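K.L.:
Sequence first, predicted coordinates after that:
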Amino acid sequence: MAPRTMNKVSRIVPLTLLTAALGGCHRAAPVEPAPLAGAAIGGPFALTDQDGHPFSSRQLAGRYAVIYFGYTFCPDACPTAMQVLAQGVKRLAAHAPDKAAKLRTVFVSVDPARDTPPVLKQFVRAFSPTLIGLTGSQAAIDQTAREYAVFARRQASVAGASGYLVQHQTTPILFGPDGKPIALVPVDADAGAVADLLDRWIA
């Protein structure tokens, strides 16, 4: 090889290596693990939706899902959570409709004695036309609650009260298309925080 050619190559090779090295500095950072990665939350269930039709966990396969356990006679926590969640999903749909299309929101009753499908239907439709309400036998609800690590307990009736309350957890959880938990949904904050979290974790 001629000396002039070799000099040219000797200049190109270091430049190529330097370019590759600099290019490596701009690689995307690895995706951080989900806050609830590895948590033993979730599992199969077979319940009944607000229209009286069978609904199982298989119908959520391949979709992201926000699942909340509550009850329609809840005086404050459940209505507030559902309102914030519905507003958050609406915000997500406004700026990332492709992500919103991959999401299902689900309200599972922990009070099946009172939350019949017609009662559930009236409740969920007050917040969103796409909100899915689920109920079932007490045994089926108890089993589902155990799978999803949800605590719920009926409180003793108070003299003079028109009904009873159910003590329960009040934070919904975002699950991935594989049914694994991703993160708690901050309905105790505001709709903007909900939309931001969904936008962050829905691919």
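P.N.:
Cool, the structure landed. Numbers count the residues shown, from 1 in each chain.

K.L.:
Quick check: Gln83 is in a helix.
P.N.:
Yes: judged by DSSP: H, G, I helix; E, B strand; the rest coil, Gln83 forms part of a helix.

K.L.:
I'd guessed it sits against Ser128; true?
P.N.:
No: contact criterion C-beta atoms under 8 Å: Gln83 and Ser128 do not qualify, at 9.5 Å. In short, each C-beta sits where N, CA and C put it, glycine included.

K.L.:
Return the residues in contact with the residue most central in space within the chain.
P.N.:
The centre of the chain sits closest to Leu174, judged by C-alpha atoms, centre = their mean, with a distance of 1.9 Å. Contact analysis of Leu174 by C-beta atoms under 8 Å, 6 or more residues apart in numbering lists Tyr64, Ala65, Val66, Pro181, Ile182, Ala183, Leu184, Val185, Leu197, Leu198, Trp201.

K.L.:
hmm, 7 Å instead?
P.N.:
Contacts for Leu174 (C-beta atoms under 7 Å, 6 or more residues apart in numbering) come out as Tyr64, Val66, Ile182, Ala183, Val185, Leu198, Trp201.

K.L.:
same check, this time on Lys180
P.N.:
Lys180 is in contact with Gly42, counting by C-beta under 7 Å, 6+ apart.

K.L.:
likewise Pro75?
P.N.:
Contacts here follow C-beta under 7 Å, 6+ apart; on that basis Pro75 touches nothing.
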